[in-house]
Structures are given as structure tokens and as C-alpha cells.
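Asks: Dropping the sequence and predicted coords here.
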Amino acid sequence: MEDLFYFHQLKAAFTEHANAEKAAGMKAYMRNQFEFFGVDSTTRRSIVAEILRKNGKPDLPVLIGLTGLLWSQPEREMQYAAMDINHYYLKKLIPAYLPIYEKLISQKSWWDTVDWLAPRAMGTMLQRYPDLIPQYIEKWLNSGDIWYIRSAILFQLHYKHDTDFELLKSVILRTVGSKEFFINKASGWALREYSKVNPDSVIQFVKSTPELSNLTKTEALKWLNNRKKAGK
């Protein structure tokens, strides 16, 4: 099967470039939750690009099978490779592919995969199909899963002027009181990104919402404060 062909090509290349010393450092950085080949991001992307150049990009049915195979592997570079490859398809996919990415959010979950799946994969597709946003966001917020809740906060991260700020505020307000670092940090991050296009609205929201966590407030205003310190 073609998905196995790509899979074995990638695994062989990563094995060839494995570095035990780098792998140990990468594993420690990720709190020893995942195994690593020890392949840095530049080398990994080069490997993926070269395999796709030689063999062509997989057809969509092959992509789905390949993504599942890569996601099932213990080495984290295999999940990163899946994200590298899927990135080429995001602006072409139909809504039927949304549940696939949604499911991956809950598998081998940590910030490094979720922060691609939520704003890049889900975010790119939901921007094209905005009528689907309410059903996904409501489901994620009610899930009790910190990674789905983080996804509800971050899916608009790259929308810039197209951000639905009322929706973002409502999502953040529904998480107020959470002690979860990854949720509060995400709220601040989302606000910080939006502050780059609408600073006054973010400042007003933070000032008028004292119940936001200190982490959220600090992250939300970080970019603006840094600019102020730099005299910009």
C-alpha cells in the first residue's frame, strides 16, 4: 500500500539521521513523555520535502492512512512529519476531514501537536467553513479535556483582522477560574496575537475582566508592553 511506502521511507530516513545525544535532550525537554530519533526540525523538514519531491505528494486517501501510521509511532518526529505533510493540503480539504484532525487532538496530546492541530489544521478549515465553528467549539468547551479547551481558545490564533473577538472573549470567559496552565497560557497567547491588530480592544478586555488569571493577563499584554519598553 502507498501509505506504507511513504511510512517506511520516512522511518528509514529518520533512523539514518538519528542522534542519541540530541534524542535524550529532546525527550527531556518534552518531560520524558515521548521517544525521539534526535532529528532536528530543519533536518526533518528537509527529509520530508525530499521524499515528497522524489515520490510526489500522496493522494488524499493515502494521506489519511499515512497520517494514522505516523501518529501511532512512539518517536515524536513521526507526528511532526505527519503535520509537515498535512500542511500542504489544509486549504484544499472538505469538512469531512475535520473529524480526523479533531481526533488527533486527543491522541499523544501535548502542546507541540495541539498547537499545530488547533490553529493550523482545524483553524484553517474552520475559517473556510465558519458555519461549523459553533458545533466544534461548544463540544470542545464541554469536553472537560484541557487540549480540546485549549483548541477552542487557539483555533483563531492566525485569523488576525478576521478574528471573531466576541467569540474569543466568550470562550476565554468560560474558562475563567481554571487552574490549568495550558488553558490560561492559551488565553493570554490568543489575546496577545489579537493585540497586534487591535490593541485597544485587548487592553480594554483585560482591564475590564479582573477575574482573568495573572498568567493570562501577563501573556495578553506582553507584546504591547515590550513595544512600549522599546519606544515603539
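Replies: Thanks, I have it.
Asks: Show the contacting residues for residue 212.
Replies: By Cβ atoms under 8 Å, 6 or more residues apart in numbering, the contact set of residue 212 is 172, 176, 187, 206, 220. C-beta coordinates here come from the backbone N, C-alpha and C atoms, glycine included.
Asks: how about it, secondary structure?
Replies: coil (DSSP: H, G, I helix; E, B strand; the rest coil).
Asks: For it, grab phi and psi.
Replies: Residue 212 adopts backbone torsions of phi -60, psi 150, taken as degrees, to the nearest 10.
Asks: Distance check, it against residue 165.
Replies: Between residue 212 and residue 165 the distance is 15 Å, computed by Cβ to Cβ, to the nearest Å.
Asks: just to revisit the earlier point, which members of the contacts of residue 212 occur in helices, if any?
Replies: Among the contacts of residue 212, the residues falling in helices (DSSP state H) are 172, 187, 206, 220.
Asks: distance of the third one from residue 214?
Replies: Put plainly, it is residue 206. 11 Å.
Asks: again with residue 131
Replies: Separation of residue 131 from residue 214 (Cβ to Cβ): 36 Å.
Asks: Kindly report the same for residue 55.
Replies: In this view, residue 55 and residue 214 are 50 Å apart by Cβ to Cβ.
Asks: Look at the two and report which has more neighbours.
Replies: residue 55 (12 against 9; other Cβ atoms under 10 Å).
Asks: so what's the more buried one up against?
Replies: 5-6, 9.
Asks: Name the member of the ones in helices among the contacts of residue 212 with the most neighbours.
Replies: When neighbours are counted by other Cβ under 10 Å, residue 187 leads the ones in helices among the contacts of residue 212 with 28 neighbours.
Asks: show me what contacts it?
Replies: Shown in contact with residue 187 (Cβ under 8 Å, 6+ apart): 153, 172, 175, 212-213, 216, 219-220.
Asks: Redo these as a markdown table? Include pLDDT and distance to residue 89.
Replies: Shown next, in a markdown table, are these (pLDDT from 0 to 100; distance: Cβ to Cβ, whole Å):
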| residue | pLDDT | distance to residue 89 |
| --- | --- | --- |
| 153 | 98 | 25 |
| 172 | 98 | 30 |
| 175 | 98 | 31 |
| 212 | 98 | 36 |
| 213 | 98 | 36 |
| 216 | 98 | 33 |
| 219 | 98 | 31 |
| 220 | 98 | 33 |
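Asks: Which one of those residues is nearest to residue 92?
Replies: Closest approach between the contacts of residue 187 and residue 92, by Cβ to Cβ: residue 153, at 26.2 Å.
Asks: For the closest one, which non-adjacent residue is closest in space?
Replies: With Cβ to Cβ, 6 or more residues apart in numbering as the criterion, residue 153 has its nearest non-adjacent residue at 4.3 Å, and that residue is residue 186.
Asks: Run a quick neighbour tally on residue 59.
Replies: Using other Cβ under 10 Å, residue 59 has 10 other residues around it.
Asks: try the one 3 residues further on
Replies: Neighbouring residues of residue 62 were enumerated by other Cβ under 10 Å; the total is 16.
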